[in-house]
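Engineer: Below are the sequence and a predicted model; questions follow.
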Number of protein chains: 2
Amino acid sequence: MSSQSRGAPAARPIDAASDELKRMLGPRANDSAAVRDHHSRGESYHTPAAPDIVCFPHATEEVIAILKISAAYRVPVVPFGAGTSLEGHVNAIHGGITIDLREMNKVLRVSAEDLDATVEAGVTRLQLNKALRNTGLAFPVDPGADCTIGGMAATRASGTTAVRYGTMRENVLGLTVVLAGGEIIRTGTRARKSSAGYDLTRLFVGSEGTLGVITEVTLRLYPVPEAVSAAICAFDTMEGAVETVIATIQLGVPVARIELLDETQIDAVNRYSKTAYTVAPTLLFEFHGDSDRHVSDQAEAVQAAALERGGRGFEWATRLEDRERLWQARHDALYAAVALRPGSRPWTTDVCVPISRLAECILETKKDNVAATFPIALVGHAGDGNFHLVYVLDPESPAELDQARRLNERMVMRALAMGGTCTGEHGVGSGKMKYLEAEHGPALAVMRTIKRALDPDNLMNPGKMVQP
Amino acid sequence: MSSQSRGAPAARPIDAASDELKRMLGPRANDSAAVRDHHSRGESYHTPAAPDIVCFPHATEEVIAILKISAAYRVPVVPFGAGTSLEGHVNAIHGGITIDLREMNKVLRVSAEDLDATVEAGVTRLQLNKALRNTGLAFPVDPGADCTIGGMAATRASGTTAVRYGTMRENVLGLTVVLAGGEIIRTGTRARKSSAGYDLTRLFVGSEGTLGVITEVTLRLYPVPEAVSAAICAFDTMEGAVETVIATIQLGVPVARIELLDETQIDAVNRYSKTAYTVAPTLLFEFHGDSDRHVSDQAEAVQAAALERGGRGFEWATRLEDRERLWQARHDALYAAVALRPGSRPWTTDVCVPISRLAECILETKKDNVAATFPIALVGHAGDGNFHLVYVLDPESPAELDQARRLNERMVMRALAMGGTCTGEHGVGSGKMKYLEAEHGPALAVMRTIKRALDPDNLMNPGKMVQP
C-alpha cells in the first residue's frame, strides 16, 4: 500500500518468487491459468483455490531450492501428488507455490532380500507394483485411487488391505523430507526397527505437507501370496455382518480384506456393474495364504462364522477372473454411487470407531440419513472399524451441501463419542480441522507447538490440519 | 551462595520440592538412602546416579501434581518402571525426582471385541497376560524381562516376537501423558487407525521420558494362537543361518519368533541349562497358526529352507514342555553368558541392520571381537536384522570397560555404515547419545527442536537421548 501511495506498483512477493522459480526451472515453473486451475483442488467438494505458480521439480535438490525461495519471499508451499485427496489438502487456499511431485517418479532401489524399496515421492502405487512384477514382492497398501506414494505417506493413507498389512504408518520405514527453509533431513534407516530417538518418520507420515515436503519414501514390501481367494456374503442385518467381522478377527483369521457395503451401495453396484448381488448389507472378503489349503481353511472358518450370524449365500471365488470381477465391483463403488443420480457430484467422508461400536455407529448414522433428499451410499473397511459415506449431491444446491454438512458433523461427533476418530484414512485437510479440538483436546496444543517449532512462518501448506 | 554469605543456609530448590512432595504423598515420597540407591540404575554398566527423592504415585492426578512441583522448583524428573533398562535411561544423572510408576498397576479395561486393553503404566507384561488368561487374548510383545508396559512404551521395546507382531511402535494405540509443567494429554483414540493430525502416540513411544511421563497405555491384543510349535536348527555357518532367515521371510512364512545364537552363546546355554545342543550358529523358531496343519506347513517350509543352507538336525517341539525347555534356554541366555565367568557383570548392547547385511555385520563384528580378553556372546532377533552382544566383563577392570567401549563403538559405526541403527530395541538413554549425530545427521536438530518446544526448561529426564 505504502509503495503504491508513492506511485510505484506494489511488487508482490509471489511475483518476485515466481520470477526466480522460472529462472531456475524454466517451463517447469508454470503459472498458466490451465495448470493453476488443474492444481486448485483434489477430488472433493471443497472450494477450489489455485496457486500462483506450479513447479515440477525433478530432484530433491530442486525442492530444496524452491523451499528456500518460499522462505525468502514468505510465500506458501503446497505439495501435490496425484490430486486424489478428499479433504481439500491440495487446495492452495492462501495461493503461493504448488510443488507437483509427479515428475519425481523413479523407483530408486528395490531389495528383494530386505523386502523394501525406496521411491521418489511421485511414484504411484500401481507404477511401483508394476516395477516389482518380477520380484515376487508387492506393496499392498491400497486406498483405491492410483495415488502417489508421497501423497499416501503425507496423508497416512490405508484402504482395503490395512486389516492385514497395516496403513502407511506401519509401512513407511523412512523418508527424505525438505523442511521449511530448505533444510533436508532423512528420517529412519533401512533397519526394520529402531529405538534410536524420536520417531520422526511417523511424525511426518500423516502431516499433510504442513511440516515439510516428502521427496523420497522407503517402504516395506511383502511376498506376493502363494494363494488368494475371495468371497461375498449378504446378511439379514447390518449387526450380523459386523458381528461376523468381529468373530473373524477374534478367531485370528488373517483375512487380507474385509469390506462392508450397505444395501444402497450394493444396489448402486448392481446397476452400474450389471451384477445381481442380493440387495442387503454385504461383506466382501479376500484371503491370502501360503497354500490353497491355508486359504480354504480361512474361508471355511469365516463361512461358518457368517452362517451363524445371518449370512446367506457365502460365495467363494478362487479363479482370478471371478476374484477380479468381485473386486472390480468394489473398486467401482464410488462411480456406481455417483451414477445413481446423473449430474451429481460425490462428497465422501469417513470415520473410524472401535469395532465393538461399528454396528451401532452405522445404524445410528443410517437412521440419521433417512431424511436426506439425496442418495447416501456406505462402504467400509470393516475389519478396521472404518467406514465411508458418499453423499451423492447436486453440486448447485446449497441446501443439499448444507444437509451434507450437518449429517457429516453429526456422524463425526457420534464417532468421537464412541471413542473413535473424525477420519480413519481420508485425513484432515481443511475439511476436518474443526473436529480436531473435540477429538484431541489439549493434545491439539501439542500439535500446534510442533507446527510452530518446525514451520515458524507458517509457510508449509497453511490453513490445513492445524492452525499454528 | 549469596544467602550463605548472609549467614542463612542455602535452601536448595530440591529440598523445598521434597518438602512439598512429602506433604502431598506422605511415605510415598521417600528420600531414604536405600530407596534412592535402588532407583539409581537399571540393569546396565552405566555409572549409578541416585535421585534426591523417589515418588510412588497412585494416580495420574498425582503425577500431574509432581510435575507441577518439578516445574515450580525447576528440578528434573526421571520416570522409573521395572528398572530393567539397559542404556542408563533411569539413572538420575542430574538428581531430582524419580517417579516410580509401579504402584500404578491396574488393568483398567479389556475389550475382547476390539482386541485392545488400557493399562496403567506400572502394569507389567506378565501381569497383563495373567489378567488376560480367560479372554483368549494375549499381549505378545516380549523383550524378555518382565518390564512395565509404560517402560516398554517409553523405550519402544520389542523382543523375540517383533518379526510377527511388531514392536511397541505398532502395538500402542494411545497414551495418557503428563507433560512438563503438569499438562495432561491423551494421544490417539480407540480406533484402530486414524489420519486425524500428527501422530503424537508414535512421538511419545520411544521418547524415554524426555518429553513427558506416560501414565496409561492402550494396547492392541491378539488372539492366542490355536496351534504353536517350536524348532531348533544348528548350521554349518553363520551365513547359512542368516540366509535361512531371509528365505523364511521371502517365502512369506508368518514365523512368530526366529532367534539366532552364536556358538559362544550356545556353549554358555549348554553349561548353564545342562543342555547338549550342537555348538554352532543356531536358529530357534516358534510358529503360530490357526491349526496344527498350518503350523506344520510353516515348519516344513522352514526346514526345507534350512536344509538347503547347511542346517543340520532340525528338531521340532510341539509338546508344551519341549517348547518351554527350548525357549527357557533362550530366555536364560544372558544369565548363561554371565555364568561363563564367575564374578563378572554383563554389558549388553544391540544394533539393527537391513537383513541383507546381517551376516556380514555379524561376521565382521565377531572378527573384531576375537582379540577381546573376555567372553562375548551373541543373540539376535534375526528376523528383524537385530542382534545383541553381551560383553562378560570384570566390573573392576577399567581396561576391559575400555575395550568394550571401543568394540561397541566399532560395531555401532559398522551398523550405521550398512544402513542400520545404533539400537534396534535397547534405546538411547545416556549410553548411545553420542551416536545419534552419525545416525540422524540434520534430523537430530529436528529432535532437539521438538525437545526444546515441549520441555523448554529441560526438566524431563535431562541428559538422555537428545541434548536440547
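Structural biologist: Good, I have the coordinates.

Engineer: drop to CA atoms for contacts and neighbour counts, all remaining ones
Structural biologist: Fine.

Engineer: May I have the helix or strand hosting A:A241 as CSV, with CA atoms only?
Structural biologist: In this assignment (DSSP states H and E), A:A241 forms part of helix A:238-250. What follows is helix A:238-250 as a C-alpha-only set of coordinates in CSV (Å, rounded to 0.1, in the frame of the first residue of the first chain):
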residue,chain,number,x,y,z
MET,A,238,-26.0,-54.9,9.5
GLU,A,239,-25.4,-56.3,13.0
GLY,A,240,-24.9,-59.8,11.6
ALA,A,241,-22.4,-58.5,9.1
VAL,A,242,-20.4,-56.6,11.7
GLU,A,243,-20.5,-59.4,14.2
THR,A,244,-19.1,-61.7,11.5
VAL,A,245,-16.2,-59.3,11.1
ILE,A,246,-15.6,-59.2,14.9
ALA,A,247,-15.7,-63.0,15.0
THR,A,248,-13.3,-63.3,12.1
ILE,A,249,-10.7,-61.2,13.8
GLN,A,250,-11.2,-62.8,17.2
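
Engineer: and the next element down the chain from it?
Structural biologist: Using DSSP H and E, the first helix or strand after helix A:238-250 is strand A:257-261.

Engineer: Can you give the strand pairings for that next one, parallel or anti for each?
Structural biologist: Note on strand A:257-261: by DSSP bridges, its sheet partners are strand A:282-289 (antiparallel), strand A:376-381 (antiparallel).

Engineer: Include mean pLDDT when you put those into JSON lines, please.
Structural biologist: As requested, those are arranged in JSON lines below (pLDDT from 0 to 100):
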{"stretch": "strand A:282-289", "mean pLDDT": "95"}
{"stretch": "strand A:376-381", "mean pLDDT": "97"}
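
Engineer: Out of those strands, flag the one nearest B:S18.
Structural biologist: Distance to B:S18, taken as Cα to Cα, is lowest for strand A:376-381 among the strands paired with strand A:257-261, at 52.5 Å.

Engineer: Kindly report the residues of the stretch 251-400 of chain A close to chain B.
Structural biologist: Residues of the stretch 251-400 of chain A lying close to chain B by Cα under 8 Å from any Cα of the partner chain are A:251-253, A:290, A:294, A:352-356, A:384-385.

Engineer: Let me have these in TSV, extended by secondary structure and pLDDT.
Structural biologist: Formatted as TSV, those follow (DSSP: H, G, I helix; E, B strand; the rest coil; pLDDT from 0 to 100):
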residue	secondary structure	pLDDT
A:L251	coil	90
A:G252	coil	88
A:V253	coil	91
A:D290	coil	82
A:H294	helix	88
A:C352	strand	98
A:V353	coil	98
A:P354	coil	97
A:I355	helix	96
A:S356	helix	96
A:D384	helix	96
A:G385	coil	97
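
Engineer: returning to what we had before: just the angle between the helix holding A:A241 and strand A:282-289, please?
Structural biologist: Put simply, helix A:238-250 runs at 10 degrees to strand A:282-289, going by axes from the mean of the first three to the mean of the last three Cα atoms, to 10 degrees.

Engineer: where in chain A is pLDDT low?
Structural biologist: A:1-10 (pLDDT under 70).

Engineer: these two touch, right, A:A280 and A:I232?
Structural biologist: No. In this structure, A:A280 is not within contact of A:I232 by Cα atoms under 8 Å, at 11.7 Å.

Engineer: Common neighbours of these two, please.
Structural biologist: With Cα atoms under 8 Å, 6 or more residues apart in numbering or on different chains applied, the contact sets of A:A280 and A:I232 do not overlap.

Engineer: The two: which is more packed in?
Structural biologist: Applying other Cα atoms under 10 Å in any protein chain shown to A:A280 and A:I232 shows that A:I232 carries more neighbours, namely 24 against 20.

Engineer: could you pull out the helices for the stretch 151-300 of chain A?
Structural biologist: With DSSP state H, counting those that start in this stretch, the ranges of helices along the stretch 151-300 of chain A come out as A:162-165, A:168-171, A:200-204, A:238-250, A:263-273, A:292-307.

Engineer: got the residues of the stretch 251-400 of chain A next to chain B as a markdown table, with distance to B:N369 and neighbour count columns?
Structural biologist: Below are these laid out as a markdown table (distance: Cα to Cα, whole Å; neighbours: other Cα atoms under 10 Å in any protein chain shown):
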| residue | distance to B:N369 | neighbour count |
| --- | --- | --- |
| A:L251 | 47 | 20 |
| A:G252 | 44 | 18 |
| A:V253 | 45 | 20 |
| A:D290 | 40 | 21 |
| A:H294 | 45 | 22 |
| A:C352 | 52 | 34 |
| A:V353 | 52 | 33 |
| A:P354 | 51 | 26 |
| A:I355 | 51 | 25 |
| A:S356 | 54 | 18 |
| A:D384 | 48 | 30 |
| A:G385 | 51 | 27 |
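
Engineer: what would the residues you listed look like in TSV with distance to A:Y435?
Structural biologist: Output for those, formatted as TSV (distance: Cα to Cα, whole Å):
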residue	distance to A:Y435
A:L251	35
A:G252	34
A:V253	35
A:D290	43
A:H294	43
A:C352	14
A:V353	15
A:P354	18
A:I355	21
A:S356	22
A:D384	21
A:G385	19
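
Engineer: which one of these is nearest A:I66?
Structural biologist: Closest approach between these and A:I66, by Cα to Cα: A:C352, at 36.7 Å.

Engineer: Spit out the contact partners of the closest one.
Structural biologist: Shown here is A:C352, whose contacts under the criterion Cα under 8 Å, 6+ apart are A:384-387, A:415, A:420-424, B:191-194.

Engineer: and which of those is nearest B:Q298?
Structural biologist: Nearest to B:Q298 among the contacts of A:C352 is A:D384, at 27.1 Å by Cα to Cα.

Engineer: if I pick A:E226, what's in contact with it?
Structural biologist: A:288-292.

Engineer: at 6 Å instead, please
Structural biologist: Taking Cα atoms under 6 Å, 6 or more residues apart in numbering or on different chains, we find A:E226 in contact with A:290-291.

Engineer: re earlier: out of the helices of the stretch 151-300 of chain A, the one nearest A:L393 is which?
Structural biologist: helix A:263-273 (14.9 Å).

Engineer: got the contact list for that closest one?
Structural biologist: With Cα under 6 Å, 6+ apart, helix A:263-273 has contacts from A:276, A:279-281, A:336-337, A:377-378.

Engineer: Going by neighbour count, list what's buried in that helix.
Structural biologist: A:263-270, A:272-273 (16 or more other Cα atoms under 10 Å in any protein chain shown).
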